[in-house]
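Student: Provided below are the primary sequence and the corresponding predicted coordinates.
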Amino acid sequence: MDERNFLFLFYGLAAAWILLAGYVLTLAAREKRLERQLDTLKRMLEQREKDG
Amino acid sequence: MRFLRRSLTVAAKDLRSELRSKEALNASLAFALVILLLFSFAFDPTAETTREISGGLLWLVFAFAGTLILNRSFARELANDCLDALIASPVPPSALFLGKALANLVLLLAVELVSLPVFGVFYNVRWTPYFGPLLGVLVLATWGLAVIGTMFSALTVNLRLRELMLPVLVYPMIIPALMAAMQLTTVLLAGEPVSGDNWLWVRLLVAFDVVFTALALALVETVLLG
Amino acid sequence: MGDAMRRTILYAMTALGALWLARNLYVILLALPDEVAQGAIYRIFFFHLPAWFTCFAAFFAAGLASLLYLIRKSPGYDAFAAAAVEVGVAFTAIGLVTGMVWARIIWGIWWTWDPRLTWAFITLLVYVGYLMLRRAIDEAAERAKNSAVLCIFAFTSVVITYKAIDWWRTQHPGAVLSFRTGGGTIDPAMESMLFQNWFALLLMAAALVLIRMRQERMAREIDGLRRRAHAL
């Protein structure tokens, strides 16, 4: 393989993967937050319905 | 035929309402003049550079000042539930939209036609040769601006951040029309007729207007009625 | 579909996509021939083009879903559109960045306002506007309706970006793929790799869209539960 400009190729691909990884991480964070909210709400509703 | 008459009634109502208070008109005009002033500080306009940037500068002014008018389009109906009343009336939503777009066209053109002589004076540009074609470009491009602006005004009417969201959504969308208008205006202000390659820009403007008017007329009912 | 099975499928899709991309990377770096003038940097094209095609596919799917939402009013279409646009924006960013890195080497500049690049940037702005609009509307039905209309308008910028290299003389390289030029402009091994990478990226994008869609549904469920909680 012609090695000229290989460093920038590496940087470019790294940037692309970092962007993708960053997006996946924000998705994961949002998932956790949503699940936590859902759990809290469900528990709170059960509690309220029990108290009636 | 009745559709057109209803649109014109709505347009007349909007224009009458605006001309009584002249709020948006004055604000828009003042804004346009201020931007023209500011740009004169941003670059020192010698004859050379002015000729090259005249179209771009003018249309930036028109686009920025225009948002003030476009914002009011549906926002003015929010008080006293006027918007609900309009939607409940026998006027079809597309006629309502067309009427408002026409009113906006008139108001925008008014601001533009006042700004043009001021621009001519401040930047020492002669705009009277080829005024006919220039007017044509103004009408075509301003119609594009009015259609997109009125449409997105309907989309954002219920938002708190309406004044912020409207420019953010409108500006990217009208870039083809702005590009064409800037190019053609620069050519016409430089004292040359539209010729050869430049007819491409005219075709672009017409296509833009046709496509987005059709799209807006088709979709505005969904936006307003749900 | 049970949660566990759904999770398995998503992981499988992602893993398959990732493995395929890894294998492709090996081929790209070691097996494909050199390009005459550019050195190694030309190989970024094998991610640059697929990223943009994935982005276009996502925005097209979102536009279709938006249209279907306006016709059928089923919230699933709205969830899909929102998810597809978000994933599309992520891939737009990737497309822009890979292009800019290539441009820095080949043209000496990070950016230029030629039609292709300008329209690519406009596409990004337009769909970011879509995401902003969704954030700004609290009520679910109005949000779905208005963003659906915006999505349809927004798709025009994708069409123009795609056709930009045909309609204007651009600094950006012209079309090379056989279906656009009729053949003979690109080494078939390279063309095959382009499509393979594209499909691998599509696989990952699909997984991401599915994950994001489910999050939309969860958010709506939370909304409903909140309303019940307030009522009690």
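Tutor: Thanks, I have the structure now. Numbers count the residues shown, from 1 in each chain, chains lettered A, B, ... in the order given.
Student: whatever residue of chain A ends up closest to chain C and chain B, how far apart?
Tutor: Using Cβ to the nearest Cβ, A:Arg4 is the residue of chain A that sits closest to chain C, at 2.9 Å. Bear in mind the C-beta positions are built from the backbone N, C-alpha and C, glycine included. Here A:Arg4 is placed at a distance of 37 Å from chain B (Cβ to the nearest Cβ, to the nearest Å).
Student: before we move on, what about C:Leu225?
Tutor: On the measure of Cβ to the nearest Cβ, C:Leu225 and chain B end up 24 Å apart.
Student: so how many other residues sit close to the closest residue to that residue other than its chain neighbours?
Tutor: Nearest non-adjacent residue to C:Leu225, counting by Cβ to Cβ, 6 or more residues apart in numbering or on different chains: A:Leu41, 4.3 Å away. Neighbourhood size, A:Leu41 [other Cβ atoms under 10 Å in any protein chain shown]: 18.
Student: tell me the contacts of A:Leu41?
Tutor: Counting by Cβ atoms under 8 Å, 6 or more residues apart in numbering or on different chains, A:Leu41 makes contact with C:Ile222, C:Leu225, C:Arg226, C:Ala229.
Student: in a markdown table: the residues you listed, plus secondary structure, neighbour count and pLDDT.
Tutor: Shown next, in a markdown table, are the contacts of A:Leu41 (DSSP: H, G, I helix; E, B strand; the rest coil; neighbours: other Cβ atoms under 10 Å in any protein chain shown; pLDDT from 0 to 100):
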| residue | secondary structure | neighbour count | pLDDT |
| --- | --- | --- | --- |
| C:Ile222 | helix | 17 | 90 |
| C:Leu225 | helix | 17 | 87 |
| C:Arg226 | helix | 14 | 87 |
| C:Ala229 | helix | 14 | 82 |
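Student: of the residues you listed, closest to chain A?
Tutor: Once Cβ to the nearest Cβ is applied, the member of the contacts of A:Leu41 that ends up nearest chain A is C:Leu225, at 4.3 Å.
Student: show me where pLDDT drops low in chain A?
Tutor: Scanning chain A for pLDDT under 70 picks out A:1-2, A:52.
Student: which parts of it sit against chain C?
Tutor: Residues of chain A that fall close to chain C, judged by Cβ under 8 Å from any Cβ of the partner chain: A:1-6, A:8-9, A:11-13, A:15-16, A:19-20, A:23-24, A:27, A:30-31, A:34-35, A:37-38, A:41-42, A:44-45, A:48-49.
Student: now the residues you listed: which count as buried?
Tutor: A:2, A:5, A:8-9, A:11-13, A:15-16, A:19-20, A:23-24, A:27, A:34, A:37, A:41 (16 or more other Cβ atoms under 10 Å in any protein chain shown).
Student: just give me the neighbour total for B:Ala75.
Tutor: Using other Cβ under 10 Å, B:Ala75 is surrounded by 18 other residues.
Student: my guess is it contacts B:Val157. True?
Tutor: Yes - using Cβ atoms under 8 Å, B:Ala75 is in contact with B:Val157, at 6.1 Å.
Student: quick one: least confident helix or strand in chain C?
Tutor: helix C:178-181 (a mean of 78; mean pLDDT, DSSP states H and E).
Student: now do that one: distance to the chain's middle.
Tutor: How far helix C:178-181 lies from its chain's middle: 21 Å, per Cα atoms, centre = their mean, to the nearest Å.
Student: which other helices and strands contact the longest helix that chain B contains?
Tutor: Assignment by DSSP state H gives helix B:93-123 as the longest helix of chain B. If you count contacts as 3 or more Cβ pairs under 8 Å, 6 or more residues apart in numbering or on different chains; DSSP states H and E, helix B:93-123 packs onto helix B:2-21, helix B:23-42, helix B:47-75, helix B:82-88, helix B:131-156, helix B:199-225.
Student: of these, which approaches C:Leu64 most closely?
Tutor: With Cβ to Cβ as the criterion, C:Leu64 lies closest to helix B:199-225 of the helices and strands packed on helix B:93-123, at 15.0 Å.
Student: so which elements touch that closest one?
Tutor: helix B:93-123, helix B:131-156, helix B:175-189, helix C:140-167.
Student: just want the angle from the second one to helix B:93-123.
Tutor: Note on geometry: by axes from the mean of the first three to the mean of the last three Cα atoms, to 10 degrees, helix B:131-156 and helix B:93-123 are set 130 degrees apart in direction.
Student: following helix B:131-156, which helix or strand shows up next?
Tutor: Next in sequence after helix B:131-156, counting helices and strands by DSSP states H and E, comes helix B:162-173.
Student: give me the buried positions along that next one.
Tutor: Buried residues in helix B:162-173 (16+ other Cβ under 10 Å): B:Arg162, B:Met165, B:Leu166, B:Pro167, B:Val168, B:Leu169, B:Val170, B:Tyr171, B:Pro172, B:Met173.
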